[in-house]
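>>> build me a model:
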Amino acid sequence: MDAPNPGSAAPSARIASLDIIRGAVMVLMAVDPMRVFSGLPAGGATAGIFFTRWVTHFCAPAFVFLAGTSAFLHGRRHTDLTKFLLARGVWLVVLELTVLRLAWTFNFDFAHYEMAGVSWVIGWCLIALAVLVRLPLRVTAGFGIAVIALHNLVGLPLSGLIASLRAGGAALAKVLYVGFFEGPYSSVPMDRA
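Below you'll find the model as predicted:
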C-alpha cells in the first residue's frame, strides 16, 4: 500500500446517507417537470399520473430539510455561517426569478410572472435562517415550533390585513401565503386573497 502524499489535501468527510437522500430527491423531483412538459395534467385519470404528482410533493419539504441540515453541518466547520446563508439564499431567489423562470416558461414576459417555486422558498428560508442562527437556541426553537404549530392560522388574520391594505396587501399575500397558483398579483380579487 502506498503511503499518503503529504502535499495532497485530505478528503472532506461526507455523510453518505445525506448524499443518497439528496440524490434520490433530485431524481424524484425530475418526474414532475417531465409530466408537465409531456402535456399530462397533474390530476390525470390514471393512477400512475396521480402517483407521480403525489410522490413529488415530498420533494420540497425534503429539500428544505436538507438545506437546514447542510446549514447546520456548514456551521460546525465555518465561522461565517450568517454570511454564507445570506449569500446562498439571495442567489436562490435570484435564480428562481431569472434562470428557472425562463427554463419553465421559455419567455421573457415578466409582466405576467406567475411562479415562485421550491428554490424561491428555500432561498427565503436561508435568508431567515441567516438571522435565526444569531439568536439564542431557545428563541430559534420557539420560532420553529411556532411555525409548525401555527402555520394554518396564518391565512385567518392575513385575510383581514389584506382587506385593509388593498392591492398592496393582495400582492403581499400572494408572495407570503397564497402562492401563484391563481395567476399573477394583479388578478387576485381582494375577497379571495
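>>> mind listing what's buried in stretch 79-88?
If you call a residue buried by 16 or more other Cβ atoms under 10 Å, then stretch 79-88 has these buried ones: 81, 84-86, 88. Using the backbone N, CA and C atoms, a C-beta is placed for each residue, glycine as well.
>>> could I get those residues in CSV, plus columns for distance to T98, secondary structure and pLDDT?
Output for the buried residues of stretch 79-88, formatted as CSV (distance: Cβ to Cβ, whole Å; DSSP: H, G, I helix; E, B strand; the rest coil; pLDDT from 0 to 100):
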residue, distance to T98, secondary structure, pLDDT
L81, 26, helix, 91
F84, 21, helix, 92
L85, 20, helix, 93
L86, 19, helix, 94
R88, 16, helix, 92
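>>> need the max-distance pair from those residues.
In these, two members sit farther apart than any others by Cβ to Cβ. They are L81 and R88, at 10.4 Å.
>>> which element is the residue nearest to I15 when sequence neighbours are not counted on?
Distances taken as Cβ to Cβ, 6 or more residues apart in numbering put L73 closest to I15, at 7.5 Å, once the chain neighbours are dropped. Using DSSP states H and E, L73 sits in helix 59-77.
>>> what is that helix packed up against?
helix 16-29, helix 81-95, helix 118-132 (3 or more Cβ pairs under 8 Å, 6 or more residues apart in numbering; DSSP states H and E).
>>> so what secondary structure elements neighbour the second one?
Think helix 81-95. With contacts defined as 3+ Cβ pairs under 8 Å, 6+ apart, the packing partners of helix 81-95 are helix 59-77, helix 118-132.
>>> need the winner for burial among the ones you listed.
Comparing the helices and strands packed on helix 81-95 by mean neighbour count (mean count of other Cβ atoms under 10 Å), helix 118-132 ranks first with a mean of 19.
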